[in-house]
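Undergrad: need a structure here:
(one chain, ligands or ions: 1)
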Amino acid sequence: MGKGKNKERDEPKRGNKTSNGHHNRTHHGKGRQETKYSSVLRQTKFPTKLAMWDFDHCDPKRCSGKKLERLGLIKSLRIGQKFQGIIVTPNGKGVVCPDDKEIVEQFGVAVVECSWARLEEVPFGKIGGKYERLLPYFVAANPVNYGRPMKLNCVEAVAACLAIVGHQDWALELLENFSWGPTFLDINKELLEMYAECTDSQSVLDAEKAFLEMIDKEREERKKLKGEVDVWAMGNPNQKHNDSDSEDEEDEESEEEGYNSEEKNILVIDVPGPEDDEYYDDEDVEEENEEEHSLDESDE
Ligand SMILES: C[S@@+](CC[C@H](N)C(=O)[O-])C[C@H]1O[C@@H](n2cnc3c(N)ncnc32)[C@H](O)[C@@H]1O
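TA: Next up is the predicted model:
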């Protein structure tokens, strides 16, 4: 058989170590051949190449990158190995844009599987490639960072990239492996449509800026309106109780609490969220129970 002919069959073999040199769990022990074979089938089935540098920072049960790997949808890269496609990374310079479509189709998408809290440990100089990109504004739908802007997990980040370049179908195909996954496309529908109409990085940044200005303005208007409504709800100001301001104070506090300035733009949309039972699949429920015992894992 000619050189490279069996390339796709060989790929999972090369990918059976994580970037830390650990063996991939799916290739061990009982059912080894079967897992490997189904992994190969899935790898060849997805329309473009997906890859990640995995730093093993996260609990494998909670980690979306590891789950994609178990499903044979993403391949691990070694430290020192570069990637030719679009790399969606916190170290990116420009943002993903529709003009990246050809690169995504030809060479694929890669992410950095690590903890948000341990980014400084990632040797960004030894990974990456020519096309390192940030994502424009999106809101996370995953149970760990639900509702928070920009802090997407790996599957959301890959899906966002695919959708921006016009492959919503591929994005959905990936997200459907997670019970909460398709919600990511629902809560970001307006943004996705807006970015998909752009062309280059700058036009995406302009659209993002216009959107953020619009939601800031809406928030101000809601605050003003709330103030006016409160005047009527207060009743007779002459009979005002001493604690009548407490509601406003509480609002201000909850707005600030726990979020830095870039996380202020929380989007509140009425779709199933982590408080709804159907939001979790079995694996997620297990993870949720574990979460109760952890200190602060919201940064994974
Ligand atoms: C920090 S890891 C967290 C992974 C998480 N533990 C999981 O289960 O998938 C998320 C990765 O997705 C990509 N990503 C997420 N949000 C991003 C953004 N706003 N800009 C660029 N890359 C982003 C990056 O590759 C980032 O390293």
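
Undergrad: just the helices from the stretch 101-250 of the chain, written as ranges.
TA: In the stretch 101-250 of the chain, the helices defined using DSSP state H, counting those that start in this stretch lie at 101-107, 154-164, 168-175, 181-187, 189-196, 201-233, 246-256.

Undergrad: among those, which is the most enclosed?
TA: Highest mean neighbour count among the helices of the stretch 101-250 of the chain (mean count of other C-beta atoms under 10 Å): helix 154-164, with a mean of 28. All C-beta spots, glycine's among them, are computed from the backbone N, C-alpha and C.

Undergrad: ok, that one near the ligand or not?
TA: Yes. On the criterion C-beta under 6 Å from any ligand atom, helix 154-164 is in touch with the ligand at 154, 157.

Undergrad: elements contacting that helix?
TA: Applying 3 or more C-beta pairs under 8 Å, 6 or more residues apart in numbering; DSSP states H and E, one finds that helix 154-164 makes contact with helix 64-70, strand 86-88, strand 109-113, helix 168-175, helix 181-187, helix 189-196.

Undergrad: can you redo the ones you listed as JSON lines with mean pLDDT and distance to Glu132?
TA: Putting the helices and strands packed on helix 154-164 into JSON lines (pLDDT from 0 to 100; distance: least, C-beta to C-beta, whole Å) gives the following:
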{"stretch": "helix 64-70", "mean pLDDT": "97", "distance to Glu132": "17"}
{"stretch": "strand 86-88", "mean pLDDT": "98", "distance to Glu132": "5"}
{"stretch": "strand 109-113", "mean pLDDT": "98", "distance to Glu132": "9"}
{"stretch": "helix 168-175", "mean pLDDT": "98", "distance to Glu132": "20"}
{"stretch": "helix 181-187", "mean pLDDT": "98", "distance to Glu132": "22"}
{"stretch": "helix 189-196", "mean pLDDT": "96", "distance to Glu132": "18"}
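
Undergrad: what's the nearest residue to Ala159 if we skip its chain neighbours?
TA: Leaving aside its sequence neighbours, Ala159 sits nearest to Ala171 (C-beta to C-beta, 6 or more residues apart in numbering; 3.9 Å).

Undergrad: so who does that neighbour touch?
TA: Residues near Ala171 by C-beta atoms under 8 Å, 6 or more residues apart in numbering: 158-160, 162-163, 185.

Undergrad: run the last query once more with 10 Å
TA: Contacts of Ala171 were listed using C-beta atoms under 10 Å, 6 or more residues apart in numbering, and they are 155-156, 158-165, 181-182, 184-185, 192.

Undergrad: looking at the residues you listed, which is nearest Cys58?
TA: Set against Cys58, the nearest of the contacts of Ala171 by C-beta to C-beta is Val155 (12.6 Å).

Undergrad: the nearest residue to that closest one once chain neighbours are set aside: how many residues sit nearby?
TA: Leaving aside its chain neighbours, Val155 sits nearest to Ser64 (4.1 Å; criterion: C-beta to C-beta, 6+ apart). Neighbour count for Ser64, taken as other C-beta atoms under 10 Å: 28.

Undergrad: so Ser64 sits against Cys154, correct?
TA: Yes. With contacts counted by C-beta atoms under 10 Å, Ser64 reaches Cys154, the gap being 4.8 Å.

Undergrad: overlap in contacts, those two.
TA: Shared contacts of Ser64 and Cys154, defined by C-beta under 10 Å, 6+ apart, comprise 52, 58, 74, 111, 113, 142, 174.

Undergrad: from the residues you listed, pick out the ones that also neighbour the ligand.
TA: Residues shared between the shared contacts of Ser64 and Cys154 and the neighbourhood of the ligand are 58, 111, 113 [C-beta under 6 Å from any ligand atom].

Undergrad: host element of Gln81?
TA: Assigned by DSSP states H and E, Gln81 belongs to neither a helix nor a strand.

Undergrad: can I assume it is in contact with Trp53?
TA: Yes. Between Gln81 and Trp53 there is a contact at 7.9 Å, judged by C-beta under 10 Å.

Undergrad: thinking again about what came up before, okay, the helices and strands packed on helix 154-164 in TSV with distance to Lys45 next?
TA: TSV is the format used below for the helices and strands packed on helix 154-164 (distance: least, C-beta to C-beta, whole Å):
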stretch	distance to Lys45
helix 64-70	13
strand 86-88	20
strand 109-113	16
helix 168-175	9
helix 181-187	17
helix 189-196	24
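
Undergrad: dump the residue contacts of the closest residue to Asn142 other than its chain neighbours.
TA: Leaving aside its chain neighbours, Asn142 sits nearest to Asn153 (4.7 Å; criterion: C-beta to C-beta, 6+ apart). Under the criterion of C-beta under 10 Å, 6+ apart, the neighbours of Asn153 are 58, 62-65, 67, 111, 113, 116, 140-145, 159, 178, 184, 300.
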